[in-house]
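> this one's sequence-less:
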DNA sequence: GCCGTTTTCGGCCCGACTGTTTTCAGTCG
């Protein structure tokens, strides 16, 4: 069965090959279509099975691309793409992973030197064949040679959980640096995307050279990729690309808005501004109603915003849109209509209802976990150790007798604890949607988290059936990490999230936002579908040690990416309201 | 190839940096 990821990959391949042929505009159209398919909540492959008309609802997909998607779903290939591949039979993905090598360079190197693979590229560079090509030189050849090695070992995108602490450390370092006036994290980290391509940091200062020098002198910098007058890029913290941009303080707000992105949000916002005779760029917001040629200068017309980020949105009579919402998913329209959500915050969270102890695979006792949850500021904690069953190795999971036995142990701790402690279990959902825990044990426990841990390769329809069957069990309170994905490792189940959300709302089962940075499951778009459907959300850490309670920030910001308000999140509720919710 | 308060054709975000090509192309974000 065709997956959406495959469709996206095919469309991106079209874009790359067309770009290599110097075709104008079409590459952008294919990329835009690919991005929108990636963002689409339901399965686009399933839509395509209904024919081209069903694809109408996807932005950027017109007749031609719709026909290609249907062709791919029905036949497994796109004829035009295969023809392009025949004309340029190269390992495009591998070659463009080399820093500084894009599709056009790949096209030239193939036509002139017959380069098809990274090994060919390496040989051509070593034999000094590249430097003689028009538009190339010794420096380009040398850069390619140096960047091939990194491309060969390049990881996928970094986890937010790795990039965010690195960004925080850099900001702390720069704040203490003399020439720096203002500093902020920008880019996808500021929007709290689950994975990030690089770390972006913005600085406001007068002496740009001094800031860049301080930056490249940072002890965690491993190598400098490039360094100009206003920006620099390095590898730091184990090969992570870190970009810094320095602007004058007066333009810090406009630069922060610009470099926070997303690209889609900024394109939408620029167009929204142009409709109102306002030009937006990284230097400010400018009233161009009396300007004959808005293209004549970067800073043209009357300056009406730029010192702060809020001033940029204010120039358009919009409230400041939280970074987590800036994904081009209707946030500008919502802001214009005064309908932005009042997003959940870290301070709203009162407790965690998914955590493990040394009774299963956690590393700490019930007492230690409860004590540290209280120290973290939680008002309550649910102890939900693994049940034995499919997907749980060895005897780390608890059987029904052990779960009943654990109740007493939890209650003993609860009696001495300063916070409320709930009993519970993380039950496994078997391939048919059944639970790995008997009804007697389920009835005796406060919180039932049901999670998929096995059979994570089923097709969408049976996977969705499986989880909705589990949610229909009267004891289940929370559906844990619904997809079972592990970022950069496995994609997990493909789910019809609209169907899942409808059942969750009807059965009063909370869908989990698992805060573990390797999971972040659910994530932004599915959360938004769930919230729209009125399904409750639970932001849990799935902590196996006390230190992991702090991961809740990743979960909260992920829930914010799904437009969740405090009322949508059951563990922001007071304990009495939560107990009433539990089945 | 897509799209529309510039609407069925004619536009498509835009700027920094690098390297090389002396006026710009490619890449990147």
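Here it is on my side, so go on. Since we're looking at a predicted model, the values are computed, not measured.
> tell me which residues touch residue A:32, please.
Each residue near residue A:32 by Cβ atoms under 8 Å, 6 or more residues apart in numbering is listed here: A:59-60. Quick note: C-beta positions are derived from backbone N, CA and C, even for glycine.
> so which helix or strand takes in it?
Element membership for residue A:32, per DSSP states H and E: helix A:26-39.
> can you pull the buried residues of that helix?
A:27, A:29-37 (16 or more other Cβ atoms under 10 Å).
> closest to DNA strand B out of the residues you listed?
Closest approach between the buried residues of helix A:26-39 and DNA strand B, by Cβ to the nearest atom of the strand: residue A:29, at 3.6 Å.
> surely the closest one and residue A:65 touch.
Yes: using Cβ atoms under 8 Å, residue A:29 is in contact with residue A:65, at 7.3 Å.
> would you agree residue A:453 falls within a strand?
No: residue state for residue A:453 (DSSP: H, G, I helix; E, B strand; the rest coil) corresponds to coil; a strand is not indicated.
> which residues does it contact?
For residue A:453, counting by Cβ under 8 Å, 6+ apart, the contacting residues are A:389-392, A:428-429, A:484.
> hmm, back to that, filtering the buried residues of helix A:26-39 by proximity to DNA strand B, which remain?
By Cβ under 7 Å from any atom of the strand, the members of the buried residues of helix A:26-39 lying near DNA strand B are A:29-30, A:32-33.
> between those residues, which sits nearest residue A:437?
Residue A:437 has its nearest neighbour among these in residue A:33, at 45.0 Å by Cβ to Cβ.
> just checking, that closest one touches residue A:58?
Yes: counting by Cβ under 8 Å, residue A:58 is a contact partner of residue A:33 at 7.4 Å.
> hmm, back to that, and the ones next to DNA strand B among the buried residues of helix A:26-39 as a markdown table, adding pLDDT?
Formatted as a markdown table, those follow (pLDDT from 0 to 100):
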| residue | pLDDT |
| --- | --- |
| A:29 | 89 |
| A:30 | 92 |
| A:32 | 88 |
| A:33 | 90 |
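> which two of those residues have the greatest separation?
A:30 and A:32 (7.4 Å).
> show me where the stretch 101-250 of chain A has its helices.
A:103-113, A:118-126, A:138-153, A:160-175, A:187-190, A:208-216 (DSSP state H, counting those that start in this stretch).
> same check on the stretch 251-400 of chain A?
Applying DSSP H, counting those that start in this stretch to the stretch 251-400 of chain A gives helices spanning A:252-260, A:263-274, A:309-314, A:331-336, A:366-376, A:400-416.
> got the buried residues for the helix or strand of chain A with the lowest mean pLDDT?
Ranked by mean pLDDT, DSSP states H and E, the helix or strand of chain A with the weakest confidence is helix A:138-153, at a mean of 82. Residues of helix A:138-153 classed as buried by neighbour count (16+ other Cβ under 10 Å): A:140-141, A:143-145, A:147-148, A:150-151.
> could I get those residues as a markdown table with distance to residue A:74?
Shown next, in a markdown table, are the buried residues of helix A:138-153 (distance: Cβ to Cβ, whole Å):
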| residue | distance to residue A:74 |
| --- | --- |
| A:140 | 43 |
| A:141 | 45 |
| A:143 | 43 |
| A:144 | 40 |
| A:145 | 44 |
| A:147 | 40 |
| A:148 | 39 |
| A:150 | 39 |
| A:151 | 35 |
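> if I look at residue A:553, how far off is residue A:164?
9 Å (Cβ to Cβ, to the nearest Å).
> quick one: which of the two has more around it?
Per other Cβ atoms under 10 Å, whichever of residue A:553 and residue A:164 has more neighbours is residue A:164, with 21 against 16.
> and that one, what pLDDT?
Residue A:164 is assigned a predicted lDDT (pLDDT) of 93.
> contact partners for the closest residue to it other than its chain neighbours?
Spatial nearest neighbour of residue A:164, chain neighbours left out: residue A:189 (5.7 Å); criterion: Cβ to Cβ, 6 or more residues apart in numbering. By Cβ under 8 Å, 6+ apart, residue A:189 lies in contact with A:160, A:163-164, A:167, A:196, A:199-200.
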